[in-house]
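Novice: Structure here, sequence nowhere to be found:
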């Protein structure tokens, strides 16, 4: 049933392939988490400034993406992304065929999904900062940038870390859906290996264990970060 | 006007919409079995998780840990491809269920939602104030009556928002069953895309239907919240 000998490193087994696939999963997760946080900050900004249009767009984006299955979003970006990019390029007078590589598409797709979750977390932790802090900073004559970087960000990070840890776990698990685009990460690798070796159970259990390790270890890392960032606050 | 209506009727999104709609019943069928089953099992698992029987609570804790730590896709594949490759399962009675993508989907979704649901319910059960339980005990309630009349109603009321979230995640999760060749909405949208080479139209049609389904789910949860929180209603 479970064939350990298929998992050794080197040509006889799939160990090294799985190692590379795990690194790919991590790479996609980190890249899309970063891009997602960036998108989330823009979304939160669009929601909290008093502007109806930006708020409507941001709300529309988060509602739609959160209401539609992740797989559908990935399909849409994977199959529709090229068309969109090419039509944009055409508008700028570039008529050649453009093909985005799988990693770019995967990162964008997962980031678009993860940003909706991150934005909710960030918005809640922004609202948790008391107004007096920002007013005090303004009274000290700080400009907008230093208020953002020196007063708002450190507190938002502290409030948001537990939630961001959750979003990270979701993002990590969502990268398994990227296997449908052909990018060789853990899930895709386990499908390839099981098709070659005709023993799906071995490789799927391997994949499950790898995901479990990734989520557990990163959970620990976030715990440490939380403790680090809430120094001086009794938890 | 008529020309405009005709152009809508001939548009790809309109045609796809009804094609994808034919998969709605399959999506709903998945939910209709796995959600109630998941709810009942999640409650039982949550009770087991907080029980004083060490073995039981530890087993359930590790079950929750494993299921929440792995993607749903791995679980679906494990059940559909993994279990199907084991010889003695193929020869046993289980094979009647496991050879159907539908039942594999139901089993995987149920296993998944039970783990998340049990954790949510555990939070609800543990957040009940001790005084409530004590007053029940002082009134002479037995264990079962205490559970039925005090613990479960309060716990369920408390967790409704987060369980509602889980229900929406489940609606979205049904799309993954399409990867086991089960033809629900995402599967049909994919088939349309393969036929027409018009990905955007096909997936937007499916997306609208999923949004609608989730909208209904949100309304249902809102109704439940209204029903189970009579003390919070502004005007009766």
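Specialist: Arrived safely, thanks for sending. What you see is a predicted model, and the numbers here were worked out from it, not measured in a lab.

Novice: right, and residue B:156 touches residue B:228 too?
Specialist: Yes: applying C-beta atoms under 8 Å, one finds residue B:156 in contact with residue B:228, separated by 6.8 Å. C-beta coordinates here come from the backbone N, C-alpha and C atoms, glycine included.

Novice: Report the secondary structure element holding residue 112.
Specialist: All of this is about chain A. helix A:102-127 (DSSP states H and E).

Novice: try chain B instead
Specialist: Secondary structure assigned from DSSP H and E places residue B:112 in helix B:101-126.

Novice: That helix close to chain A?
Specialist: No: using C-beta under 8 Å from any C-beta of the partner chain, helix B:101-126 never reaches chain A; the gap is at least 10.9 Å.

Novice: Which elements pack onto that helix?
Specialist: helix B:24-50, helix B:54-69, helix B:72-77, helix B:95-98, helix B:152-173 (3 or more C-beta pairs under 8 Å, 6 or more residues apart in numbering or on different chains; DSSP states H and E).

Novice: per-stretch mean pLDDT over those helices, give me the minimum one.
Specialist: With a mean of 82, helix B:95-98 has the lowest mean pLDDT of the helices and strands packed on helix B:101-126.

Novice: who does that one touch, helix- and strand-wise?
Specialist: Judged by 3+ C-beta pairs under 8 Å, 6+ apart, helix B:95-98 is in contact with helix B:101-126.

Novice: Now the element after the helix it packs on, going C-ward?
Specialist: Assignment by DSSP H and E places the next element after helix B:101-126 at helix B:130-138.

Novice: next one: that next one to chain centre, how far?
Specialist: 33 Å (C-alpha atoms, centre = their mean, to the nearest Å).

Novice: Can you list the neighbours in contact with the next helix or strand after it?
Specialist: For helix B:130-138, the following helix or strand on the C-terminal side (DSSP H and E) is helix B:143-146. Contacting residues not belonging to helix B:143-146 are listed as B:133, B:136, B:137 [C-beta atoms under 8 Å, 6 or more residues apart in numbering or on different chains].

Novice: before we move on, what about stretch A:154-169?
Specialist: For stretch A:154-169, the surrounding residues in contact (C-beta under 8 Å, 6+ apart) are A:29, A:33, A:36-37, A:114, A:117-118, A:120-122, A:124-126, A:128-129, A:133, A:215, A:218-219, A:222-223, A:225-226, A:229-230, A:233.

Novice: Any chance of a markdown table for the helices and strands packed on helix B:101-126, columns mean neighbour count?
Specialist: Listed next are the helices and strands packed on helix B:101-126 as a markdown table, based on neighbours: other C-beta atoms under 10 Å in any protein chain shown:
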| stretch | mean neighbour count |
| --- | --- |
| helix B:24-50 | 19 |
| helix B:54-69 | 15 |
| helix B:72-77 | 25 |
| helix B:95-98 | 14 |
| helix B:152-173 | 19 |
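
Novice: can you redo these as TSV with distance to residue A:189?
Specialist: Output for the helices and strands packed on helix B:101-126, formatted as TSV (distance: least, C-beta to C-beta, whole Å):
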stretch	distance to residue A:189
helix B:24-50	28
helix B:54-69	18
helix B:72-77	12
helix B:95-98	24
helix B:152-173	23
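
Novice: Quick check: closest non-adjacent residue to residue A:5.
Specialist: In space, and not counting its chain neighbours, residue A:5 is closest to residue A:13: 6.7 Å by C-beta to C-beta, 6 or more residues apart in numbering or on different chains.

Novice: wait, what's in contact with the one you found?
Specialist: Contacts of residue A:13 (C-beta under 8 Å, 6+ apart): A:5, A:6, A:7.

Novice: what's residue A:3 sitting at in phi/psi?
Specialist: Main-chain torsions, residue A:3, degrees, to the nearest 10: phi -100, psi 100.

Novice: What about it, how many residues nearby?
Specialist: Neighbours of residue A:3 under the rule other C-beta atoms under 10 Å in any protein chain shown: 12.

Novice: Report all helices and strands that the strand or helix carrying residue A:65 contacts.
Specialist: Residue A:65 is part of helix A:52-67, with elements assigned from DSSP H and E. When contacts are defined as 3+ C-beta pairs under 8 Å, 6+ apart, helix A:52-67 sits against helix A:15-48, helix A:102-127, helix B:152-173, helix B:199-228.

Novice: give me that answer again for 10 Å
Specialist: Judged by 3 or more C-beta pairs under 10 Å, 6 or more residues apart in numbering or on different chains; DSSP states H and E, the packing partners of helix A:52-67 are helix A:15-48, helix A:70-91, helix A:102-127, helix B:152-173, helix B:199-228.

Novice: So for the last one, what gets flagged as buried?
Specialist: Within helix B:199-228, the residues that qualify as buried by neighbour count (16 or more other C-beta atoms under 10 Å in any protein chain shown) are B:199-210, B:213-214, B:217, B:221, B:224.

Novice: do the third one as well
Specialist: With burial defined by 16+ other C-beta under 10 Å, the residues of helix A:102-127 counted as buried are A:102-103, A:105-123, A:125-126.

Novice: Beyond it, next helix or strand please.
Specialist: helix A:131-139.

Novice: now do the fourth one
Specialist: Counting by DSSP H and E, the next helix or strand C-terminal to helix B:152-173 is helix B:185-196.

Novice: So which residue is dead centre in the chain?
Specialist: With no chain named, the answer covers chain A. The centroid of chain A falls nearest to residue A:33 when counting by C-alpha atoms, centre = their mean (3.1 Å).

Novice: The chain in question should be chain B.
Specialist: Centroid check for chain B by C-alpha atoms, centre = their mean gives residue B:170 as the closest residue, at 3.5 Å.

Novice: Not counting its neighbours along the chain, what's nearest that one?
Specialist: residue B:113 (5.5 Å).

Novice: Tell me if I'm right that the one you found and residue B:39 touch.
Specialist: Yes: when contacts are counted by C-beta atoms under 10 Å, residue B:113 is listed as touching residue B:39 (8.1 Å).

Novice: Name the residues contacting each of those two.
Specialist: B:163, B:166, B:167 (C-beta atoms under 10 Å, 6 or more residues apart in numbering or on different chains).

Novice: Now for chain A, the helix or strand with the poorest mean pLDDT.
Specialist: Here the helix or strand of chain A ranked lowest by mean pLDDT, DSSP states H and E is helix A:70-91, holding a mean of 85.

Novice: and it with helix A:52-67, angle?
Specialist: 130 degrees (axes from the mean of the first three to the mean of the last three C-alpha atoms, to 10 degrees).

Novice: in helix A:70-91, what's buried?
Specialist: A:70-82, A:86.

Novice: tell me which of those residues is nearest to chain B?
Specialist: Comparing these against chain B with C-beta to the nearest C-beta places residue A:79 closest, at 3.4 Å.

Novice: what residues are up against the residue lying closest to residue A:31 once chain neighbours are set aside?
Specialist: Leaving aside its sequence neighbours, residue A:31 sits nearest to residue A:107 (C-beta to C-beta, 6+ apart; 4.6 Å). By C-beta under 10 Å, 6+ apart, the residues touching residue A:107 are A:27-36, A:175, A:178, A:183.

Novice: Please tell me how far residue A:107 sits from residue A:118.
Specialist: From residue A:107 over to residue A:118 the distance is 15 Å, taken as C-beta to C-beta, to the nearest Å.

Novice: Repeat that for residue B:24.
Specialist: With distances taken as C-beta to C-beta, residue B:24 is found 31 Å from residue A:118.

Novice: where's the residue nearest to residue B:221 when sequence neighbours are not counted relative to residue B:208, distance?
Specialist: Distances taken as C-beta to C-beta, 6+ apart put residue B:164 closest to residue B:221, at 3.4 Å, once the chain neighbours are dropped. The gap separating residue B:164 from residue B:208 is 21 Å, by C-beta to C-beta.

Novice: Okay then, goodbye and thanks.
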